[in-house]
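>>> Just a sequence and a predicted model for now, questions to come.
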Amino acid sequence: MTPKVLARKCCNLALDKKAEDVIIIDLRKLNAPTDYFVVCSALSDRQVKAIADNVVEGLKKEGNRPWHIEGRTARKWVLIDYVDVVVHVFNVETRAFYSLETLWGDAPVEEVKPKKRRVRRS
């Protein structure tokens, strides 16, 4: 699986738990420790945990285990490191405080929206 595909899967798993403001930051052309950051927000500490757990468990089912995880106990900012892709799950206030997007302001950013579900009509 390519890093870009992995980043997209992380986004979709986060969106499954109603993550907000989901973005992929492409760091490949910068002197960065990884290829992509996936960044998303949660409205509560409980949702931070739910999003992080869903990403980890969803990818584990496909044979992808994180190299490292930080912040699971505090639930303000959980970092999930897949080496080529690093997922950052923030609560809204912590994301605003650290403003990770502006630290990597030269990198291209892709906003990821939830897929629209079709409604069946009878």
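The structure has been received and is ready for your questions.

>>> Pull out the buried residues from stretch 97-113.
By neighbour count with 16 or more other Cβ atoms under 10 Å, stretch 97-113 contains the buried residues 100, 104, 107, 112. Using the backbone N, CA and C atoms, a C-beta is placed for each residue, glycine as well.

>>> Out of these, which is nearest to K61?
Of all these, K61 sits closest to V112, with 20.4 Å by Cβ to Cβ.

>>> where along this structure do the helices fall?
3-16, 45-60, 92-98, 100-103 (DSSP state H).

>>> Run through the neighbouring helices and strands of the third one.
Helix 92-98 makes packing contacts with strand 36-42, strand 77-81 when contacts are defined by 3 or more Cβ pairs under 8 Å, 6 or more residues apart in numbering; DSSP states H and E.

>>> List the neighbouring strands of the first one plus their orientation.
According to DSSP bridges, the neighbouring strands of strand 36-42, each with its direction, are strand 20-26 (antiparallel), strand 85-91 (parallel).

>>> highest average neighbour count across the ones you listed?
Ranked by mean neighbour count, those are led by strand 85-91 with a mean of 25 (mean count of other Cβ atoms under 10 Å).

>>> What would the lowest-mean-pLDDT helix or strand in the chain look like as PDB? C-alpha coordinates only.
When the helices and strands of the chain are scored by mean pLDDT, DSSP states H and E, helix 100-103 comes last with a mean of 88. Provided in PDB are the C-alpha atoms of helix 100-103 (Å, rounded to 0.1, in the frame of the first residue of the first chain):
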ATOM      1  CA  LEU A 100       0.200  22.300  13.000                       C
ATOM      2  CA  GLU A 101      -1.000  23.400   9.600                       C
ATOM      3  CA  THR A 102       0.800  26.700   9.800                       C
ATOM      4  CA  LEU A 103       4.000  25.100  10.900                       C
END
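
>>> D81 is in contact with I69, correct?
Yes. Judged on Cβ atoms under 8 Å, I69 makes contact with D81 at a distance of 7.1 Å.

>>> sorry, back to before: now the buried residues of stretch 97-113 in CSV, with distance to A50?
Shown next, in CSV, are the buried residues of stretch 97-113 (distance: Cβ to Cβ, whole Å):
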residue, distance to A50
L100, 21
W104, 26
A107, 28
V112, 18
